[in-house]
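Undergrad: structural data only, the sequence is not supplied:
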Ligand code: NAD
């Protein structure tokens, strides 16, 4: 495979079907987190680029063929995007690993496959955007509903799984006939540029997809913009709150996918060896930079010591390294800034009195140039400690002990987050009481955080508003319109 960066228009913005040069003064750098070295200089959009992209999306929505195209034709283009992602999977995986850090084999097996699956799944929805005929009690009248596209959608994504996040939003937005302006995160924008090239190649009409690289100023300008009808954002709670406030000025439709702090409840009967393996993997996916990662382990007091010592032992054997190396099990954190934030939480955990079982430091030796952090496990953790309350978004896991089932459900729910949760047991009553008691968007019984395009995803409380995926994803990108017909 050649250089995956060759031919990538890193110095361009994709507006109205053209790759246009941004202002040199707005360029920013993206680095390889495994080495800290410069990967590329990337174009940064300014306010006039935001105006141009929104105008292009508006024209494409109101006058272009996309929303009026035969559903099968729209479906064929979405399907083709899925095919192209798969065809170029190895190259995209390498590009994203170099920009974001996670192991290339994980990118291929999960991120790329999941992104392709989303386009294929939503290709199927193009021909299923039906409405209802409803029995209104009005004489000589029929009433039917239709699902129509919302309009111009601003899609703002985070850096942790950039391709997949773009696919989660683009699949349903495009299937429903919307046009979009997509803004990837400034820390890892490259795979989104490649995706835009593939969308072009698949025959997506001009102006339907516009891509603006840049930082928070670009996101803010999109959220404020009067020409944007909907904002779909995945990222932090703090930014989500800001977006919620600003978007309400113009009553924009809103989907917010914010953070998580998933509890994993381990019953006294759970098979500890199996549970340790699965929970460690679920906690350290993408070096813990995953909203769905299991990070609060509530373990029954009869097995908590065994669980803790086996987790620590297994964590010490995880192979850290450059994600391009096929033997790497865990890659680096995305940036020095993020590493400092993660390390700050570890220091806080220690100062608040938690016991450090393993890890707790930046990895040294050959890895010292990159942003590698050791898998870190705390025990003797109390419910009010910052390491349990806040989303760390790194490889830092906390073990807590419980005795009573109602008590553990209440403690699991005592969090501003409510994205997902897990319970591990063979006891049906235990599984049912915990899974029904926990208030979260998804509860997994005896499994890691599985994902599928058909299964709605999103959170309660500060974890967000709305759901992506499945039929819910289509609902989020459509408005219901009623048509009354009088025969009187
Ligand atoms: P972030 O909130 O800092 O940034 C996300 C995106 O928003 C970036 O593109 C950024 O440039 C943009 N942005 C920043 N400030 C903005 C503003 N004021 N207005 C508009 N846009 C703005 O988040 P991050 O650090 O990139 O990502 C990590 C977060 O994402 C974590 O909290 C994680 O849990 C969350 N996340 C959630 C899900 C989910 O499905 N719930 C999935 C992945 C990541």
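TA: Perfect, I can see it now. The shown structure was predicted, so the numbers you read here are calculated from the model rather than taken from an experiment.
Undergrad: in this protein, which residue sits closest to the ligand?
TA: Nearest residue of the chain to the ligand (CB to the nearest ligand atom) works out as residue 219 at 2.1 Å. In this view, the C-beta of every residue, glycine as well, is placed from N, C-alpha and C.
Undergrad: checking that residue next. Helix, strand or coil?
TA: Here residue 219 is recorded as helix under DSSP: H, G, I helix; E, B strand; the rest coil.
Undergrad: quick one, what contacts the nearest residue to it once chain neighbours are set aside?
TA: If the residues on either side of it in the chain are set aside, residue 219 comes closest to residue 156, at 4.9 Å by CB to CB, 6 or more residues apart in numbering. Residues in contact with residue 156 (CB atoms under 8 Å, 6 or more residues apart in numbering) are 183, 219, 222-223, 231-235, 243.
Undergrad: burial count for the residue of the chain closest to the ligand?
TA: Residue 219 has 24 neighbours, counted by other CB atoms under 10 Å.
Undergrad: how near is it to residue 89?
TA: Remark: distance between residue 219 and residue 89 (CB to CB, to the nearest Å) = 28 Å.
Undergrad: on that earlier part again, ramachandran angles for the residue nearest to residue 219?
TA: Dihedral pair for residue 156: phi -120, psi 120, per degrees, to the nearest 10.
Undergrad: swap in residue 420?
TA: Dihedral angles (degrees, to the nearest 10) for residue 420: phi -160, psi 170.
Undergrad: neighbours of the residue nearest to it when sequence neighbours are not counted, just the number please.
TA: Leaving out its chain neighbours, the residue that sits closest to residue 420 by CB to CB, 6+ apart is residue 442, at 4.4 Å. For residue 442, the count of nearby residues is 22 (other CB under 10 Å).
Undergrad: and the residue nearest to residue 219, bridged to which residues?
TA: Counting by DSSP bridges, residue 156 forms beta bridges with residue 183, residue 233.
Undergrad: ok, now residue 133?
TA: Note on residue 133: beta-bridge partners by DSSP bridges are residue 144.
Undergrad: thought it was touching residue 146?
TA: No - applying CB atoms under 8 Å, one finds residue 133 not in contact with residue 146, separated by 10.8 Å.
Undergrad: who has more neighbours out of these two?
TA: A side-by-side neighbour count of residue 133 and residue 146, using other CB under 10 Å, places residue 146 first with 14 against 10.
Undergrad: quick one: secondary structure of that one?
TA: Assigned by three-state DSSP, the conformation of residue 146 is strand.
Undergrad: check contacts around it.
TA: Counting by CB under 8 Å, 6+ apart, residue 146 has contacts 131, 480-481, 483.
Undergrad: with neighbour count, pLDDT and distance to residue 378 added, can I get the residues you listed in CSV?
TA: Putting the contacts of residue 146 into CSV (neighbours: other CB atoms under 10 Å; pLDDT from 0 to 100; distance: CB to CB, whole Å) gives the following:
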residue, neighbour count, pLDDT, distance to residue 378
131, 14, 96, 52
480, 11, 98, 48
481, 11, 98, 53
483, 11, 98, 59
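Undergrad: please identify which pair of those lies farthest apart.
TA: 480 and 483 (10.8 Å; CB to CB).
Undergrad: between the two, what contacts are shared?
TA: Shared contacts of residue 480 and residue 483, counting by CB under 8 Å, 6+ apart, come down to 145-146.
Undergrad: ok, the residue nearest to residue 420 touching residue 419?
TA: Yes - under the criterion of CB under 8 Å, residue 442 makes contact with residue 419 at 7.4 Å.
Undergrad: any low-confidence regions in the chain?
TA: Residues of the chain that meet the criterion pLDDT under 70 lie in 1-2.
Undergrad: around the ligand, pick out the residues from it.
TA: Within the chain, the positions near the ligand by CB under 6 Å from any ligand atom are 156-160, 183, 185-186, 215-216, 219-220, 223, 234-236, 239, 242-243, 257-260, 291, 391, 393, 419, 459, 464.
Undergrad: by contact count, what packs against the host helix or strand of residue 164?
TA: Per DSSP states H and E: residue 164 is located in helix 162-175. Applying 3 or more CB pairs under 8 Å, 6 or more residues apart in numbering; DSSP states H and E, we find helix 162-175 packed against helix 71-87, helix 89-100, helix 113-125, strand 152-156, strand 179-183, helix 190-201, strand 230-234, helix 470-476.
Undergrad: turn those into JSON lines, columns for distance to residue 400.
TA: Shown next, in JSON lines, are the helices and strands packed on helix 162-175 (distance: least, CB to CB, whole Å):
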{"stretch": "helix 71-87", "distance to residue 400": "40"}
{"stretch": "helix 89-100", "distance to residue 400": "31"}
{"stretch": "helix 113-125", "distance to residue 400": "31"}
{"stretch": "strand 152-156", "distance to residue 400": "34"}
{"stretch": "strand 179-183", "distance to residue 400": "38"}
{"stretch": "helix 190-201", "distance to residue 400": "37"}
{"stretch": "strand 230-234", "distance to residue 400": "28"}
{"stretch": "helix 470-476", "distance to residue 400": "32"}
